[in-house]
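J.: okay, here's the prediction I keep looking at, along with the sequence it came from:
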Amino acid sequence: MTGNGSERRREKRLQYHWPVWFAEDFGDVLAQGQMFDLSSGGASFTCYSDACPAQGQYITTRFSIPHYGQDNSFDLESCMRSGFVCRIEDVNPFMKKVALQFAEPLHFKPGEQATESQKSNHKTVVSV
């Protein structure tokens, strides 16, 4: 929590803009979105309105996370996480922003590992 009183998050989020794939069942056709930000407990991503999951829906996502090493290395870690859609916001008439709470958290805190790597001149915002 920061000192401003409006921040409710318990950990810093990693903001990055890489593809995310999602579906109710990964045996079905996958929809694609773009990751917006990520923490160990959840993610938010944008997607086309016609492929947007419903609030409360249980979905599975597949995405890659930039993972910084102590020796200035940079690897991508592939992840699959399932969880419940907890919020949907309109971005524009064609796009939605989806907030997903993971059923099982990631094994590390993506935003905080990026903060540690800033000492090595890495940035926390990553785009393709």
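T.: Ah, there it is. Keep in mind the model is a prediction, meaning the values are calculated, not measured.

J.: ok, which stretches of this structure are helices?
T.: Per DSSP state H, the chain carries helices over the ranges 110-117.

J.: please pull out the lowest mean pLDDT helix or strand from it.
T.: When each helix and strand of the chain is scored by mean pLDDT, DSSP states H and E, strand 125-127 comes last, with a mean of 51.

J.: so what's the nearest residue to residue 91 once chain neighbours are set aside up against?
T.: Sequence neighbours aside, residue 97 is the residue nearest to residue 91 in space, at 5.4 Å (criterion: C-beta to C-beta, 6 or more residues apart in numbering). From N, CA and C alone the C-beta is placed, and that goes for glycine too. With contact taken as C-beta atoms under 8 Å, 6 or more residues apart in numbering, residue 97 is in contact with 36, 44, 45, 46, 88, 89, 90, 91.

J.: go again with 6 Å.
T.: Applying C-beta atoms under 6 Å, 6 or more residues apart in numbering to residue 97 gives the contacts 46, 89, 91.

J.: residue 102: which of those residues is nearest?
T.: The closest of those to residue 102 turns out to be residue 46 (C-beta to C-beta; 17.9 Å).
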